[in-house]
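*Asks:* fold the following, please.
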Amino acid sequence: MKDTWSLDALYKGYDDPAFLHDMEQLKVTVKKINTLPDSLHHDQTAESVKAIISQLEDLYELSGKLGSYISLRQSCDTLDSQSAARMEQFQQILSECTKSIARLEAFIQNIDDLDSVIAQSPFLSEYAYWLKETKNDGQYRLSDDVEEVITKLNISAGDAWAKLQEYLTSTLIVPYQDQTLTLSEIRNLAYDEHSAVRKAAYEAEMKAYEPIQQSVAFALNNIKSQVNTLCDLRGFASPLDMTLYYSRMKRQTLDAMMKAIQEYLPIFHRYLKRKAEMLHHHNGLPWYDLFAPIAKDSRADESYTPLEAKQYLIKHFSAFSQDLCDMIDRAFNEGWIDFYPRKGKVGGAFCANLPYIKQSRILTNFNGKLADIVTLAHELGHAYHGMMIEHHRPLNTDYSMPVAETASTFNENIIMNAAIAEESDPHNRLILIEKQLQDLTQIICDIHSRYQFESEVFQYRRHTFLFADDLSEIMLEAQKKAYGDALDPHALHPYMWINKSHYYSTALSYYNFPYAFGGLFARGLIVQYQKQGNAFVKGYRDMLKATTTAHVENIAAMVGIDITKPAFWRESLETCKQRIDEFIALSQSME
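*Replies:* Numbers count the residues shown, from 1 in each chain. So this is what the prediction gives:
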């Protein structure tokens, strides 16, 4: 079993005849797209719509395969000039059909009785949701020429700024003692058992950001300014409204969730204050101890290999679903995963679903700890979600941001709940509960701070430029609001805006609240699973399959949940409170 992924199922290299053929075929497909609008007729509406979908399917699958291959190679080596050149070439080819795609979508948007057209064909019925959403999107679409200009300019505008942030953070060298570490490696030291190591790593991380902070600030400013401009041009009230619209989610749902989270923040503060006491801090928990082990774990010296991580995951998922275990086995054995950090590799973790080959690829920065196994469980949840939708028609394989984190955080819960339940030793049980609370605090408190930060930045960018110090000050204020007095105000993380790639996209704003949504929605689903047992699994699979063809509220309704009311979110947060109460009581009983 290799510890780097294989992309051979896509292409064997840039000189692979299959890659070169598909690049040429992409040009042919783009030309076909460009000639199609003039051949459409409203007196043959159903046939015209079939032709549109057929051509877009070809484009989606071909561009998806090529784009995924190039971007996956870039993510492992941001210094690869060949990949950078190929990505620019790929984007330029795609941009040539932007205007024509806008015309094709306009044809659908101008159909008076779309329902009757859909009813004429089983093929079109499969695309009923996609067709109706495409028609609705027309109200926010600009002229064909403007849409084309936006797409072409974005290559050297928003996308270029995003690449700058990725390049600067992935190649950042952090001097630490007698070593030079990558940003991912230095951040991994936050989990070290030695307090001096954690603090020194935090201080080294803070210092390392200084040379790149202004460059990254320019990237963030210009990306958010571009989003504001596009928002205004399209007629949205705010970037948040635009995000919710394309997330297929009601503002009522977001407000209900945020209201419940705000109510429960003090509960999470209780946990953080208790952890600070246990680590002998008197002014709140310093940022560098957020992920500190609270005590010596009898298994702390254990370091899992990728093979052992696989065995651990399969053991704990076996009671839930055999098809999930089979997929995990494939992921490890067939080279779906790139495990270890290295120079030029992007930080964090992600999963890229590849429905065109019915596989996924997972990137992590694995260091062999239980937290890394939980990360693998999370990303494999994304892969499982991808497996549930891989048999949909090509244009029905994209799900919206809020539901994107559901299967992943559901997996996290399965792993941690199983590990806690089987631990009979109170000392080790306390440690496992605390690890789970670390993750819950991230999706509640930290996500709340990131949401507040992004909201503030969008507002400021309406009238002012934000230098690095300004952005750091906004970040500190957001962290104080989210964490209250539970953290040491003199040891926060002012540069969190630099290393979170979620801020650096013109296409995905507010990629923060979906983590809270996914985490809390998943906890609600776990409660149902605990009640229903195996009977729950089929409904769960059906719900995941529907995530690409239904609005968020309708997806939740499939499993009997109303997410537009705070009640559901409070119930999910109550399960967090129970864990916090258990942690505090257990820790106090062991003093």
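*Asks:* C-alpha from now on. contacts and neighbour counts both.
*Replies:* Will do.
*Asks:* buried residues, stretch 386-399. List them.
*Replies:* Buried residues in stretch 386-399, counted by 16 or more other Cα atoms under 10 Å: 386, 387, 388, 389, 390, 392, 394, 395, 396, 397, 398, 399.
*Asks:* whoops, I mixed them up, stretch 449-463
*Replies:* Judged by neighbour count (16+ other Cα under 10 Å), stretch 449-463 contains these buried residues: 449, 450, 451, 452, 453, 454, 455, 457, 458, 461.
*Asks:* that one: how far from the chain's middle?
*Replies:* Mean C-alpha position of stretch 449-463 versus that of the full chain (Cα atoms, centre = their mean, to the nearest Å) differs by 20 Å.
*Asks:* re earlier: name the nearest of the buried residues of stretch 449-463 relative to residue 141.
*Replies:* Residue 141 has its nearest neighbour among these in residue 458, at 21.6 Å by Cα to Cα.
*Asks:* what number of residues are in the vicinity of the residue lying closest to residue 550 once chain neighbours are set aside?
*Replies:* Spatial nearest neighbour of residue 550, excluding adjacent residues (Cα to Cα, 6 or more residues apart in numbering): residue 129 at 6.9 Å. Around residue 129 there are 16 other residues, counting by other Cα atoms under 10 Å.
*Asks:* dump the C-alpha coordinates for stretch 56-71 into PDB.
*Replies:* The C-alpha coordinates for stretch 56-71 follow below in PDB (Å, rounded to 0.1, in the frame of the first residue of the first chain):
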ATOM      1  CA  LEU A  56     -23.200  19.900 -21.500                       C
ATOM      2  CA  GLU A  57     -22.800  16.400 -20.200                       C
ATOM      3  CA  ASP A  58     -19.900  15.800 -22.600                       C
ATOM      4  CA  LEU A  59     -18.300  19.100 -21.500                       C
ATOM      5  CA  TYR A  60     -18.900  18.400 -17.800                       C
ATOM      6  CA  GLU A  61     -17.300  14.900 -17.900                       C
ATOM      7  CA  LEU A  62     -14.400  15.800 -20.100                       C
ATOM      8  CA  SER A  63     -13.500  19.100 -18.300                       C
ATOM      9  CA  GLY A  64     -14.100  17.500 -15.000                       C
ATOM     10  CA  LYS A  65     -11.600  14.700 -15.700                       C
ATOM     11  CA  LEU A  66      -9.000  17.100 -17.100                       C
ATOM     12  CA  GLY A  67      -9.500  19.800 -14.500                       C
ATOM     13  CA  SER A  68      -9.400  17.300 -11.600                       C
ATOM     14  CA  TYR A  69      -6.100  15.700 -12.800                       C
ATOM     15  CA  ILE A  70      -4.400  19.100 -13.200                       C
ATOM     16  CA  SER A  71      -5.600  20.500  -9.900                       C
END
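*Asks:* averaged over its residues, what pLDDT does that stretch have?
*Replies:* Mean per-residue pLDDT for stretch 56-71: 97.
*Asks:* next, the buried residues of that stretch.
*Replies:* Applying 16+ other Cα under 10 Å to stretch 56-71 flags 56-59, 61-63, 65-71 as buried.
*Asks:* could I get the buried residues of stretch 449-463 in CSV, plus columns for pLDDT, distance to residue 149 and secondary structure?
*Replies:* Output for the buried residues of stretch 449-463, formatted as CSV (pLDDT from 0 to 100; distance: Cα to Cα, whole Å; DSSP: H, G, I helix; E, B strand; the rest coil):
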residue, pLDDT, distance to residue 149, secondary structure
449, 98, 35, helix
450, 98, 31, helix
451, 98, 30, helix
452, 98, 32, helix
453, 98, 30, helix
454, 98, 27, helix
455, 98, 27, helix
457, 98, 26, helix
458, 98, 23, helix
461, 97, 23, coil
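*Asks:* mind checking how far stretch 463-471 is from the chain centre?
*Replies:* With Cα atoms, centre = their mean, you get 26 Å for stretch 463-471.
*Asks:* what does stretch 256-274 give?
*Replies:* With Cα atoms, centre = their mean, you get 23 Å for stretch 256-274.
*Asks:* who touches it?
*Replies:* By Cα atoms under 8 Å, 6 or more residues apart in numbering, the residues outside stretch 256-274 that reach it are 284-285, 441, 444-445, 482-487, 517, 563-566, 569-570, 573, 577, 580, 583-584.
*Asks:* what about these, which are in helices?
*Replies:* Cross-referencing those against helices under DSSP state H gives 441, 482, 483, 517, 566, 569, 570, 573, 577, 580, 583, 584.
*Asks:* are any of the residues you listed buried, and if so which?
*Replies:* Buried among the ones in helices among the contacts of stretch 256-274 by 16+ other Cα under 10 Å: 441, 482, 483, 517, 566, 569, 570, 573, 577, 580, 583, 584.
*Asks:* got the contact list for the fourth one?
*Replies:* The neighbours of residue 517, taking Cα under 8 Å, 6+ apart as the test, are 257, 402, 403, 405, 406.
*Asks:* I'd like the next helix or strand past the strand or helix carrying the third one.
*Replies:* Of the helices and strands defined by DSSP states H and E, residue 403 is found in helix 401-404. Sequence-wise, the next helix or strand beyond helix 401-404 is helix 406-421, with elements assigned using DSSP H and E.
*Asks:* buried ones in that following helix, by neighbour count?
*Replies:* Along helix 406-421, the positions that meet the burial threshold by neighbour count (16+ other Cα under 10 Å) are 406-417, 420.
*Asks:* what does that helix contact?
*Replies:* Outside helix 406-421, the residues within contact range by Cα under 8 Å, 6+ apart are 313, 316-317, 374-375, 377-382, 384-385, 429, 432-433, 436, 517-519, 521-523, 525-526, 544.
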